[in-house]
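Student: got a predicted structure plus its sequence, pasted below:
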Amino acid sequence: MEQSIENLYKLDGRVPVGKALPFGLQHVLAMFVSNIAPIMILAGAIGLDSSVSAVLIQNCMVIAGIGTLLQLYPVWRIGSRLPIVMGISFTFLSLAIAIAGAHGMGTLIGAVIIGGLVEGTLGLFAKYWIKLIPPVVAATVVTAIGFSLLPVGANSFAGGQGAADFGSMNNWVVGSVTLLACLLCQIFAKGFLRSLSVLVGLLVGYVLALFIGMIDFSGLSGLSIVALPKLLPFTPEFNVGAILSVIAVYLVSATETIGDTSALCNSALKRDPNTKEMSAAVCCDGFVSSVSGLFGCTPITSFSQNVGLAAMSGVVNRFTIALGAIIMIIGGVFPAIGYVLTTIPQAVLGGCTIMMFGSILFAGFGMMARTGFSQRNMVIVSLSLSVGLGFTSATGMFNIFPEIVRTVFADNCVAVVFLLAVILNLVLPKNLDKA
């Protein structure tokens, strides 16, 4: 097969490894900290030993790489054959802390394994329920995902939520310089270098952060050269209540994956996804999450920041993104590589991602424009977004509901938007515009 740099902007085709590698690395750097952060937060919240935490961080990198490879190069009906990057989901974090804190990691892992099998099985039969998600619902969910990510980018820009130096001058300077470097590269660079604008910005921001003393390499000295992933670091236990709670959140994760798949196809591939691709993406989300549980990690899902990166750069080549997945796996096997990647300051990541998240919003607006601005669509979109984004910004409103409802909806605007959009689409009369 002929290798060409032009294949970067095509789903298939080979790209010279030397040219493809920086684009694959760019995808890894865009999601790396977000991939390991849920595990680090969970470990700290329930008091896991540092050695166990290190094993879990290593495992989650390997799982993210495997999940991404499966999305790119499917096995049976698991994987969409689309340039979707997978990683550990934040959606499950609050519930995971509650279950692990009350019942132990074994109960959490048992629920993750069973819940993943349920979601994966639902994906296999998506053709029977995917009609519940017409283009107007998908456009609304994609827009909600874009809105939900804006505070994530802003918090990273300021240094990371809860950081001691949150909003400091150093973070403002580093974040701003990183964003400016991304923007200048996007505007003035030519050819494939323009598609590397995020990586260019990240490197500029990282070097600046290094010079002003924001990066610490002291942890490198105690790391082993090679460390293989550890299977079943916790013995799974099965608690019906925990399993049902986790399954409820898996449905939210499936919603996000459907939204990300729609956004990716519409923004980067310039077409709508088909039922087979949606089904296979959800299958991968579920079944690989079960494998993630076997390695002691929480579920994985598609990463919206990488959807934004594909939309902004136009790079959708499966081979190229597979190199990024291989880098993740290598980072899990060689702890020093993973550690160096964890030293990227949050302000640098915020400067890189803030525009990427905006591109997801733009994709959602484009999808809305294609569905048309009818009265019926206006009601579905405006009410779903108003309630979903508004109510979840005032989480105390959900205090009257049972804990499972609060867990699924109180902090997850995408879940509320999706549920309301589906209901409105079902109950509103089709001839509303003629009324």
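Tutor: Structure's in. What do you need? Residues are numbered from 1 along each chain as shown.

Student: just the strands from the stretch 51-200 of the chain, written as ranges.
Tutor: Assigned by DSSP state E, counting those that start in this stretch, the strands in the stretch 51-200 of the chain fall at 86-88.

Student: low-confidence ranges, it, go.
Tutor: 94, 191-192 (pLDDT under 70).

Student: list the buried ones in stretch 177-186?
Tutor: Counting neighbours by 16 or more other CB atoms under 10 Å, one finds that the buried residues in stretch 177-186 are Val177, Thr178, Leu179, Ala181, Cys182, Cys185, Gln186. To be clear about C-beta, it is placed using only N, CA and C from the backbone, and glycine gets the same treatment.

Student: how far does that stretch sit from the chain's center?
Tutor: 23 Å (CA atoms, centre = their mean, to the nearest Å).

Student: next one: stretch 47-66
Tutor: Relative to the centre of its chain, stretch 47-66 is centred 18 Å away, using CA atoms, centre = their mean.

Student: contacts for that stretch, please.
Tutor: 31, 35-36, 39-40, 42-44, 85-88, 105, 227, 229-230, 233, 288, 291-292, 295-297, 300, 325-329, 331-333, 335, 338 (CB atoms under 8 Å, 6 or more residues apart in numbering).

Student: those in strands, which ones?
Tutor: Among the contacts of stretch 47-66, the members found in strands (DSSP state E) are Met86, Gly87, Ile88, Ile300.

Student: most widely separated two among these?
Tutor: Met86 and Ile88 (8.8 Å; CB to CB).

Student: look up how far Ser279 lies from the most centrally placed residue in the chain.
Tutor: Nearest residue to the geometric centre of the chain (CA atoms, centre = their mean): Phe303, 1.9 Å. Distance of Phe303 to Ser279, computed by CB to CB, to the nearest Å: 20 Å.

Student: again, but for Ala163
Tutor: 40 Å.

Student: which one's more surrounded, those two?
Tutor: Ser279 (24 against 16; other CB atoms under 10 Å).

Student: check which helix or strand covers that one.
Tutor: helix 275-294 (DSSP states H and E).

Student: what's the answer for Cys265, then?
Tutor: For Cys265, the host element (DSSP H and E) is helix 240-267.

Student: now that helix and helix 275-294, what's the angle there?
Tutor: Interaxial angle, helix 240-267 versus helix 275-294 (axes from the mean of the first three to the mean of the last three CA atoms, to 10 degrees): 140 degrees.

Student: now do the same for helix 240-267: mean pLDDT, whole number.
Tutor: Here helix 240-267 scores 86 as its mean pLDDT.

Student: buried residues in that helix?
Tutor: Those would be 242-243, 245-267, for helix 240-267 by 16+ other CB under 10 Å.

Student: now it, how far from the centre of its chain.
Tutor: 11 Å.

Student: go on, stretch 97-113?
Tutor: Distance, centroid of stretch 97-113 to centroid of chain: 22 Å (CA atoms, centre = their mean).

Student: give me the buried positions along that stretch.
Tutor: Using 16+ other CB under 10 Å as the test for burial, stretch 97-113 gives 97-100, 103-113.

Student: now, which of those residues lie within helices?
Tutor: Residues from the buried residues of stretch 97-113 lying in helices, with DSSP state H as the criterion: 97-100, 103, 105-113.

Student: from Leu309, how far off is Leu194?
Tutor: Careful, residue 194 is Arg and not Leu. Distance from Arg194 to Leu309, by CB to CB: 13 Å.

Student: the two - which one has more neighbours?
Tutor: When neighbours are counted by other CB under 10 Å, Arg194 and Leu309 differ, and Leu309 comes out ahead with 32 against 16.

Student: did I read that right, the more buried one in a helix?
Tutor: Yes. Per DSSP: H, G, I helix; E, B strand; the rest coil, Leu309 lies within a helix segment.

Student: now Val387: how far from Asp411?
Tutor: Computed as CB to CB, the Val387 to Asp411 distance reads 15 Å.

Student: I misspoke; the intended subject was Thr371.
Tutor: Distance from Thr371 to Asp411, counting by CB to CB: 28 Å.

Student: just the buried ones out of the contacts of stretch 47-66, please.
Tutor: Using 16+ other CB under 10 Å, the buried members of the contacts of stretch 47-66 are 31, 35-36, 39-40, 42-43, 85-88, 105, 227, 229, 233, 288, 291-292, 295-297, 300, 325-329, 331-333, 335, 338.

Student: Gly205 touches Cys352, doesn't it?
Tutor: Yes. Proximity of Gly205 to Cys352 meets the contact threshold set by CB atoms under 8 Å, at 7.3 Å.

Student: okay, and the common contacts of these two?
Tutor: Common neighbours of Gly205 and Cys352 are listed as Thr178 (criterion: CB under 8 Å, 6+ apart).

Student: buried ones in stretch 3-22?
Tutor: In terms of neighbour count (16+ other CB under 10 Å), stretch 3-22 has its buried residues at Asn7, Leu8, Tyr9, Gly13, Val15, Ala20, Leu21, Pro22.

Student: can you put those residues in JSON lines and add secondary structure?
Tutor: As requested, these are exported to JSON lines (three-state DSSP):
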{"residue": "Asn7", "secondary structure": "helix"}
{"residue": "Leu8", "secondary structure": "helix"}
{"residue": "Tyr9", "secondary structure": "helix"}
{"residue": "Gly13", "secondary structure": "coil"}
{"residue": "Val15", "secondary structure": "coil"}
{"residue": "Ala20", "secondary structure": "helix"}
{"residue": "Leu21", "secondary structure": "helix"}
{"residue": "Pro22", "secondary structure": "helix"}
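
Student: tell me how far stretch 273-280 is from the chain's mean position?
Tutor: With CA atoms, centre = their mean, you get 18 Å for stretch 273-280.

Student: what's it in contact with?
Tutor: Stretch 273-280 is contacted from outside by 74, 77-82, 123-127, 130, 133, 258, 261-262, 264-265, using CB under 8 Å, 6+ apart.

Student: show me those that map onto helices.
Tutor: Gly123, Leu124, Ile258, Thr261, Ser262, Leu264, Cys265.

Student: what is the burial count for the first one?
Tutor: What that stands for is Gly123. Residues lying near Gly123 (other CB under 10 Å) number 25.

Student: confidence score at Ala20?
Tutor: With respect to pLDDT, Ala20 scores 90.

Student: check contacts around it.
Tutor: Counting by CB under 8 Å, 6+ apart, Ala20 touches Leu8, Asn317, Phe319, Thr320, Leu323.

Student: many thanks, I have nothing further to ask.
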